[in-house]
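Enquirer: Mind looking at a prediction? Sequence and model below.
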Amino acid sequence: MFVRKLSEARDTARHTKSRTWDSVRLLLANDGMGFSFHITTLYAGTETHMWYKHHFESVYCISGSAEIEDKATGERHLIEPGSMYALNANDQHVLRIKEDFVCACVFNPPLKGTEVHDQDGAYTLDAEEVG
Ligand code: 9YT
């Protein structure tokens, strides 16, 4: 068993910062859990296009609010505290942030550390993960 504190992980190698979001990755692949676990903040007024082609992700909203749009269907949902969304089909999606959006995210397979989105909004896999 081990314990980690969000406050102690901020501004360390676990804290990845991008233009529209930052993410403190509290569990990573090398923790051996089979998933990674992040506390992510997306910034009010921004729009982020994502397409996790190689990962499943679930996101639980802790605070703030955002609209998520499924790019395949055009369906839109308001995500507020208490709601979770699951990208169970490598869904191409866009998040439009209304108020700073703090969420807990789980990725399978786990991220390794400092991944940021590529031009398609994906995180790449290493050769051993592709098989
Ligand atoms: C909600 C979301 O997907 N944000 C992008 C950042 C991601 N959760 C990460 O890399 O931690």
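Expert: Yes, it's here.
Enquirer: Would you mind measuring from residue 31 to residue 19?
Expert: 27 Å (Cβ to Cβ, to the nearest Å). Bear in mind the C-beta positions are built from the backbone N, C-alpha and C, glycine included.
Enquirer: Give me the more crowded residue out of those two.
Expert: residue 31 (15 against 10; other Cβ atoms under 10 Å).
Enquirer: residues contacting the closest residue to the more buried one other than its chain neighbours?
Expert: Closest residue to residue 31 apart from its sequence neighbours, by Cβ to Cβ, 6 or more residues apart in numbering: residue 110 at 7.7 Å. Residue 110 makes contact with 27, 28, 29, 31, 33, 34, 35, 36 under the criterion Cβ atoms under 8 Å, 6 or more residues apart in numbering.
Enquirer: which SSE is the residue most central in space within the chain in?
Expert: The centroid of the chain falls nearest to residue 105 when counting by Cα atoms, centre = their mean (5.1 Å). In the assignment (DSSP states H and E), residue 105 maps to strand 92-108.
Enquirer: who are the neighbours of that strand, in terms of helices and strands?
Expert: strand 36-42, strand 47-51, strand 56-70 (3 or more Cβ pairs under 8 Å, 6 or more residues apart in numbering; DSSP states H and E).
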